[in-house]
Structure formats: C-alpha cells, structure tokens
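*Asks:* fold the following and give me the result.
(one chain, ligands or ions: 1)
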Amino acid sequence: MDPGTATTIKACEAIIELQFPVNLNGKLEVFTGWRATHSTHRLPVKGGIRYAPIVEQDEVRALAALMTYKCAIVDVPFGGSKGGLQIDPSKYSRDELQLITRRFARELIRKNFISPSTNVPAPDMGTGEREMAWIADTYKHLHPENLNYNACVTGKPVHHGGIRGRVEATGRGVVYAMREFFRHASDVKNAGMDGGLDGKRIVIQGLGNVGYHAGKLLDEEDDAKIIAIIEKDGALINEEGISIQRVREFINANNTIKGFPDASFTENGKALLEMECDILIPAAMETQITGDNAERINTKLIVEAANGPITFEADEILKNRNITIIPDAYVNAGGVTVSYFEWIRNLSHIRFGRMERRYDEIKGQHYISALQNMTQKDMPDWMQKGIIKGADELDLVRSGLDDTMRNAYQELRDTLETNDKVNDFRTAAYVVAISKIARSYIDLGVY
Ligand code: NAD
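*Replies:* Residues are numbered from 1 along each chain as shown. Predicted coordinates:
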C-alpha cells in the first residue's frame, strides 16, 4: 500500500467535543461528551456510545478506528464511529439519565453526528436499549418528516423499532466465533488443546451484556465449565463450574457477586485473570492484560470479547508465549452485525420473516404430505415440526449472525495460511480489514 493511503486509513476524520448543561433538580450540571468519525469510506458510520467516568477523547478516537476495522472484517458496509459521555450512570436516577441522554442526543443530531444515513450509534458500556430509545425519540421529534427516523440508532427495544436478538448479539457472536475456532482441529491443536468446547475450563471477566450472554451459551449449550467469574467487586471460583444464569440473578437481586452460594469469593478479582484455565474471556473493559500481568497469564486461548482488553506490550508478550488470541475486532463484531440487520429492518419498515413465514410453513406441510403419501409411512412428530417451522425474525437474525462469524473466521484463516508474514489472528484480522478499506479508497480515489 502506498504511504498516502496508509496515512488516510489511520487518520480519524472528525471528532466533536460537547460540553452541555443539564438542569437536574434545579441545579445546572455540565457534562462532557465526544463523538468521533474515523472513516466515511462507507456510510453511515457506526459505533456505540459509552457512558463511563473515565472515557476521554483519545479513547473515543481509538474505538472509532476499531469500528472501521470491525465492520470491514465482518463485511458490514459501514464506516467506523464511537461516542462517549463522561458520567458514572450509577450515580443518576432514570429520569436524570433521560434528561442527560436527550440533551446529548440533541446536540449530536443538530451537529450532524447522528442521522439514519450518515451516523448511527448503538449501545456500549453503560448504555443499553433504554438510552437508544430516548435517542431515537429525540431524533423523531427533531425530524418527524424523516420516514427513516428509527434507523438513526440501533440497539433499540423491540417494541420501539429494535430487532429480536440484538441484546444477546455480541455475546452470541463471541460464542459463534469460538465454535468456529473449535471446528478447526489444527487451530485447536496449535493452541495446545484438543476436542470441542465441552468440558473446557473457562474464566470470564465481566458479567454485563457481553459476558453474560456469551457465558450463558457456553454454560448451557456448549457444556463448557465456567470455573471463575471476575466482576468489579471481586471474583467467584468453583472448579465444578458456576451457573451463569444463577449468578446473573444474584447480581440483579443484590447488586454484587459477594455472598453468591456455590462458589468461593475473593476480593482481588483482577488476580484471577492469572488463574490456570483453558480459555480466558475478558468481557469487561480495555487494558486488563498489560505488561504487568501478561507473563503470568496461564491460559491457552484468550477470546477478546471486550474492546482492547490486551495492551500492545502485553500482546507481544502473549504472542511470544504462544498463547492464541482471537482478537476483539473480529470476535465482538456480532453486535455491529445485528445492528446492521436492525438498520435494514428500519429502512424496510417490516419485520424479517413477516411475509414468508406462514408460506414456508404451508410448503413444509405439503412436503410432509407428499412424502407420507409416497412412502405410505408416518413421519415422526419431531421431524414434522422441524420441517414445518417457518423461520421467525430471531431465527433469521441468529442464522445471519452465525453465517457472518463463520465467514469472517474463514477469511482470517485463509490470510493466516496464505500470507507468510501473518502468524496470528490479530494481524490476520487487520490485514483483512485494511486490505478491504484500502481497496475502497483506491477504487474510489479521494473526493
Ligand atoms: P456492560 O456495562 O454491560 O458490562 C460490563 C461488565 O463488566 C459489568 O458487569 C461490570 O460490572 C463489569 N466490570 C466493570 N469493571 C470491571 C472490572 N474492573 N473488573 C471486572 N468486571 C468489571 O458492558 P458490555 O456492553 O457488556 O461491554 C463490555 C465490553 O464489550 C466493552 O469493552 C465494550 O466496548 C465491548 N463491546 C460491547 C458490545 C455490546 O454490544 N454491548 C459490542 C462490542 C464490544
């Protein structure tokens, strides 16, 4: 690639910093937020908005760049963006958060940093369906004439234009990626393991949206053993396996993991990143594995469910120690993939499967009747059910997500196999992403 194209790809095109006051119970409080657009080689640009006390401008720019690469890796035709608001959401009531979110959204909409055709946010750390619904509603009030107002943000509740399967999408995508990895015996062998996911001993950091959904599937569908869960107030350990669902219910009721029965508790959660296990899934936040602890990480495979959990320095150390890493830019792209499906659904103004589901069911019924007629045998009930069932929206979303994660894995693998200079999945992911983005710049030229 020529240096000019490389520099163009590196550059973050725009970033806006906003400082806006909100009247909270008669007192004015000023909040600081950002939205960065990394690359508009595809429009709209896409990326979450996070609410966190430590968010800052460089982080938002870096995460916007990661979104560009992520979209390219999973063939989602969007550029990259990211937003952040410096706030500890746990310190504010629901009503206060609504006022703050609506004001932040209004500022971003007015300055063209949110719109269905150019910049479409999504949830991230500290935000969820509720905040996305407020943002969509704010956009609708400012632009009621825009037929596609619902497409200005994704991750909305299903009854407000969201799509079934979006909430679980990132976590589910993480598991689809892991299943694809385990379908390739040579990749599993290179990581010093054999067999499938069942019985694998897993440590998860962060039981929020991503960690919970990934952990629940691994625990309940793949028969993996979650031997430790690291949360912000400590960690739970049980070599026999911990039920993710029960821990989630315990957190919902008690706001802590401390006191959870059926597992021992330790205050020093971060130390458990070093616990011996087969698979480590950091699913909380960035810079968790650094130069300080990378030498002591005792796992065979790290699945980067969170964004940027491994620093550059740590990455070098882990690579030298032959620990396999499935990188964030690929592994947590399930969220943006299903966001893409939601955006399409909003633009088409119809739920996926609405037109064809019953038709497919009738067709299935005809196949069964024909088969039974020809063979003069009754088809077992379970077989009939499988043939008759027409795909609903959730089936289609999960199928599209699985297909996307599998295809992207194949591309990373092909790159690893065909390019001698590429020896790890992270480099493969960047080679795939940057090649696609560069091709787009080279084909179109610079406007
Ligand atoms: P979340 O806020 O729902 O969950 C984060 C969880 O981590 C919470 O349970 C929190 O208590 C825990 N946590 C916070 N600090 C911790 C610490 N120091 N140690 C252990 N646990 C800690 O956030 P999320 O949406 O699940 O996002 C998690 C990560 O995944 C982030 O890096 C985010 O950027 C990334 N990600 C999220 C999505 C998505 O769709 N939500 C998509 C792609 C990437």
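*Asks:* in the stretch 1-150 of the chain, what residue comes closest to the ligand?
*Replies:* Met125 (4.3 Å; Cβ to the nearest ligand atom). In short, each C-beta sits where N, CA and C put it, glycine included.
*Asks:* okay but that residue is in contact with Gly308, surely?
*Replies:* No. With contact defined as Cβ atoms under 8 Å, Met125 does not count as touching Gly308 (11.7 Å).
*Asks:* follow-up on the earlier one: so what's the residue count around the residue of the stretch 1-150 of the chain closest to the ligand?
*Replies:* The local packing of Met125 (other Cβ atoms under 10 Å) involves 22 other residues.
*Asks:* which ones are touching it?
*Replies:* Applying Cβ atoms under 8 Å, 6 or more residues apart in numbering, we find Met125 in contact with Gly48, Arg50, Tyr51, Ala52, Gly208, Met285.
*Asks:* again, 6 Å this time
*Replies:* Arg50, Ala52 (Cβ atoms under 6 Å, 6 or more residues apart in numbering).
*Asks:* tell me the phi and psi of it?
*Replies:* Torsion angles at Met125 (phi, psi; degrees, to the nearest 10) stand at phi -50, psi 130.
*Asks:* same check on Ile325?
*Replies:* In terms of degrees, to the nearest 10, the main-chain angles of Ile325 are phi -120, psi 130.
*Asks:* again with Ala36
*Replies:* With angles defined as degrees, to the nearest 10, Ala36 sits at phi -110, psi 140.
*Asks:* how close does it get to Lys436?
*Replies:* Separation of Ala36 from Lys436 (Cβ to Cβ, to the nearest Å) stands at 21 Å.
*Asks:* quick one, which of these two is more surrounded?
*Replies:* Under the criterion of other Cβ under 10 Å, the comparison of Ala36 against Lys436 puts Ala36 first, with 28 against 17.
*Asks:* quick check: residues of the stretch 1-150 of the chain near the ligand?
*Replies:* Pro123, Asp124, Met125, Gly126 (Cβ under 6 Å from any ligand atom).
*Asks:* ok, the last one touching Ile54?
*Replies:* Going back to what we said before, that points to Gly126. No. If you go by Cβ atoms under 6 Å, Gly126 and Ile54 don't touch, sitting 10.8 Å apart.
*Asks:* the more surrounded of these two?
*Replies:* Higher neighbour count among Gly126 and Ile54: Gly126, with 21 against 10, using other Cβ under 10 Å.
*Asks:* residues in contact with that one?
*Replies:* Counted by Cβ under 6 Å, 6+ apart, Gly126 has contacts Arg50, Tyr51, Ala52, Pro89.
*Asks:* narrow those residues to those in helices?
*Replies:* Using DSSP state H, the subset of those located in helices is empty.
*Asks:* got a winner among those residues for most neighbours?
*Replies:* Tyr51 (27 neighbours).
*Asks:* burial of whichever residue of the chain sits closest to the ligand, as a residue count?
*Replies:* Taking Cβ to the nearest ligand atom as the measure, the chain has Gly208 as its residue closest to the ligand, at 1.6 Å. By other Cβ under 10 Å, 19 other residues sit near Gly208.
*Asks:* and the gap between it and Gly126?
*Replies:* 9 Å.
*Asks:* low-confidence regions, the protein specifically.
*Replies:* Along the chain, segments meeting pLDDT under 70 span 447.
*Asks:* can you name every helix or strand that the helix or strand Lys140 falls within contacts?
*Replies:* Per DSSP states H and E, Lys140 falls inside helix 129-142. If contacts are counted by 3 or more Cβ pairs under 6 Å, 6 or more residues apart in numbering; DSSP states H and E, helix 129-142 sits against helix 94-110.
*Asks:* which other residues reach the helix it packs on?
*Replies:* Under Cβ under 6 Å, 6+ apart, the answer for helix 94-110 is 18, 20, 22, 24, 33, 35, 85, 114, 131, 134-135, 138-139, 142.
*Asks:* again with stretch 435-447
*Replies:* Stretch 435-447 is contacted from outside by Met1, Thr5, Ile9, His41, Ala72, using Cβ under 6 Å, 6+ apart.
*Asks:* list phi and psi for the last one.
*Replies:* Comment: the main-chain dihedrals of Ala72 come out as phi -70, psi -40, following degrees, to the nearest 10.
*Asks:* burial check on it, number of neighbours?
*Replies:* By other Cβ under 10 Å, the residues close to Ala72 number 30.
*Asks:* ok, it to Asn307 distance?
*Replies:* Where Asn307 is concerned, Ala72 sits at a distance of 16 Å (Cβ to Cβ).
*Asks:* likewise for the second one?
*Replies:* Applying Cβ to Cβ, one obtains 25 Å for the distance of Thr5 from Asn307.
*Asks:* so between the two, which is more surrounded?
*Replies:* Each of Thr5 and Asn307 has its neighbours counted (other Cβ under 10 Å); Asn307 has more, 23 against 16.
*Asks:* is it true that Gly171 touches Gly215?
*Replies:* No. In this structure, Gly171 is not within contact of Gly215 by Cβ under 6 Å, at 7.5 Å.
*Asks:* name the SS class of Arg351, please.
*Replies:* Put simply, Arg351 is coil when judged by DSSP: H, G, I helix; E, B strand; the rest coil.
*Asks:* could I get the phi/psi values of it?
*Replies:* Backbone geometry at Arg351, expressed as degrees, to the nearest 10, gives phi -70, psi 140.
*Asks:* for it, what are its contacts?
*Replies:* Going by Cβ under 6 Å, 6+ apart, Arg351 touches Glu393.
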